[in-house]
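> below is the structure, and that's it, no one-letter string:
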């Protein structure tokens, strides 16, 4: 095979296999709690089977060997000869980890090591303790074929009545044994599944099903009966296409003697349904992310040009120019929405990795935990999906380790032994909100205050002034931890401060709510997208600044009666409270700080007012980096070009006004 073709096929295989394996961890966790769910068994089996087929074509022998052993174990579970227990699930999860490692090795073009023999031994069905599963339980699974269910029930009953027939041919019966089976169960002259006296006959079956007669039906008549029930060309239980192209629909009950087997949902495939996946695949095109980013950049440039034309049109008396600028505004808005939509991915792709993490932590800590996920279909910029992975892992580890009690402690507190961790995502305007909450012990603000004093994070004067909300914010301070002992999970005082730093880098905020004895909630808020930012453009002196609109609460004009002093600092009396004023002009090196407009910003729990000379308005801008000479300037996220062609700095408000080493000074009272 041509090396370039081989490389292309391998890349395609890695993309396809990666998408299949992505949900496998979540499916295995679900299968651990529902080992008799046939739909899950089939789904997990298909992943290993498909990956094995692709790896076999590319001669990736270690991957083939691993997937084959996992496939064999799952096939035994599908055939109801054993129930997957904790040992088998541990082996399958280890196989998934090893499979991901093999795929990473293929991407890095490094040699693959063969799977450990100990893992392969644990995956072999012979290593598992066989446990017979009653087919009447298995039949209730969502995608079990009704005829296959009836066969399983008949075979179970036959094993009880005629052991010799059941054991013949290694579990397979021939035509004569099949006829004897039917005769022993229903007597002669009645076709399987048909009660000639009571059962209504399916449409089209009258011509092929005889009335009572003494001779058994022949093979042709039996095939005709099956065709009338299920259509031609399909054996009982054999789907025409892959399960992803089938439609679930209820079937009529199959009559067996005097009892009816009522399938809850079964798989029924029509010609129209079978054609849908092919049509869907033809309308889907894989696009390199670099090309997608280039398209987003061009759309951003168009937005800047639109802003420029709108500014020119507003200062012109030309009606045609105004109309053309308005039309361009509409079209660019639609294009911007469409392009940004291409960058969006459901947050469920991010959530899929967390059930495994929570499961492993719960087992390690000896806790019984249920993870509830909500809002998986919430769309998020693809660049944020991966960027939020590590922060959310830290938040979940904190909830599992610090938040939830042990089963014994929960019982003593009058709670259920099983704790709950809830991971939820939603969209609020231009922001995405992801929360991690638990129903555990909650946080005691006094304990947090005392620990911060003991560790030297704050001094006594600062501790005395802390409000309850500010006490909760102490968990984000570097080096702060309430753990009594250090473990490989927590206790070193790192993690939560890293979370807040990373969220701030993404233009987001992090807030804490807690109730002692009832649990805690950590709420993470990030922009909907990082490609194009909606800002409030303001002027301070002769300089323009762009404030992210997601952090702007309101704007008001400062009256003389509102201008007050508190502890030597200027504050604004606003809405019945003292609003601290930040010296944005002093930070920017501008002498004139006598602006008359106040922009109220919220960064986490902190509310701060900034004095500006002019509020220009709201704009959609594309943030550009400042270049290597100015990269990493504190408080500056980048720059953009305004509608009149001027340069404006986009401010990093989390760095300017956040907790810790705040860059934006407070306004001092003039002497």
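Arrived safely, thanks for sending. The model shown is predicted, which means the values in this text are computed figures rather than measured ones. Residues are numbered from 1 along each chain as shown.

> how about the helices of the stretch 251-400 of the chain, start to end?
Taking DSSP state H, counting those that start in this stretch to define them, one finds helices in the stretch 251-400 of the chain at 271-282, 289-314, 319-343, 348-351, 354-365, 382-387, 389-398.

> hmm, who's touching stretch 290-297?
With contact meaning C-beta atoms under 8 Å, 6 or more residues apart in numbering, stretch 290-297 is reached by 339, 340, 342, 343, 531, 532, 622. (Each C-beta comes from the backbone N, C-alpha and C, glycine too.)

> quick check: buried residues in that stretch?
For stretch 290-297, burial by neighbour count (16 or more other C-beta atoms under 10 Å) applies to 295, 296.

> check stretch 371-382 too.
371, 373, 375, 378, 379, 380, 381, 382.

> who is the second one paired with across the strands?
Following DSSP bridges, residue 373 is listed with bridge partners residue 423.

> you'd agree it is up against residue 358?
No. With contacts counted by C-beta atoms under 8 Å, residue 373 stays clear of residue 358, the gap being 10.1 Å.

> picking that back up, closest one to residue 117 out of the contacts of stretch 290-297, please.
When the contacts of stretch 290-297 are ranked by distance to residue 117 (C-beta to C-beta), residue 343 comes first, at 44.8 Å.

> pLDDT at the closest one, what is it?
Model confidence at residue 343, given as pLDDT, is 82.

> same check on residue 289?
According to the prediction, residue 289 has pLDDT 79.

> try residue 652
83.

> which residues does it contact?
Going by C-beta under 8 Å, 6+ apart, residue 652 touches 504, 507, 634, 635, 636, 637.

> filter the residues you listed down to the buried ones.
Counted by 16+ other C-beta under 10 Å, the contacts of residue 652 give 504, 507, 635, 636, 637 as buried.

> what's the spatially closest residue to the second one that is not a sequence neighbour sitting at in phi/psi?
So that's residue 507. Leaving out its chain neighbours, the residue that sits closest to residue 507 by C-beta to C-beta, 6 or more residues apart in numbering is residue 527, at 5.1 Å. With angles defined as degrees, to the nearest 10, residue 527 sits at phi -60, psi 150.

> residue 527 is in contact with residue 429, isn't it?
No. Residue 527 lies out of contact with residue 429 (C-beta under 8 Å); the separation is 10.3 Å.

> which neighbours do the two have in common?
Contacts common to residue 527 and residue 429, judged by C-beta under 8 Å, 6+ apart, are residue 550.

> who's more crowded, these two?
residue 527 (22 against 10; other C-beta atoms under 10 Å).

> how close does the more buried one sit to residue 97?
33 Å (C-beta to C-beta, to the nearest Å).

> thinking again about what came up before, can you name the residues bridging to the residue nearest to residue 507?
residue 431.

> so what's it up against?
Counted by C-beta under 8 Å, 6+ apart, residue 527 has contacts 381, 384, 430, 431, 432, 506, 507, 508, 533, 548, 550.

> burial measure for the last one, as a count.
With neighbours defined by other C-beta under 10 Å, the count for residue 550 comes to 21.

> gap between the two ends of stretch 333-351?
31 Å (C-alpha to C-alpha, to the nearest Å).

> flag every buried residue along that stretch.
In stretch 333-351, counting by 16+ other C-beta under 10 Å, buried: 335-336, 339-340, 343-351.

> give me the contact list for it.
22, 287, 292, 295-296, 299, 302-303, 373, 375-383, 385-386, 388-389, 392, 423, 425, 432, 434, 529, 531-532, 620.

> rewinding a little: nearest to residue 562, of the contacts of stretch 290-297?
For the contacts of stretch 290-297, the nearest to residue 562 is residue 532 (35.2 Å; C-beta to C-beta).

> thinking the closest one is in contact with residue 301, fair?
No. Checked against C-beta under 8 Å, the pair residue 532 and residue 301 is beyond contact range at 10.7 Å.

> need the overlap of contacts for those two.
residue 622.

> which one's more surrounded, these two?
More crowded of residue 532 and residue 301, by other C-beta under 10 Å: residue 532, with 19 against 12.

> can you tell me how far that one sits from residue 297?
Separation of residue 532 from residue 297 (C-beta to C-beta) stands at 10 Å.

> wasn't residue 556 part of a helix?
No. With DSSP: H, G, I helix; E, B strand; the rest coil as the criterion, residue 556 is strand rather than part of a helix.
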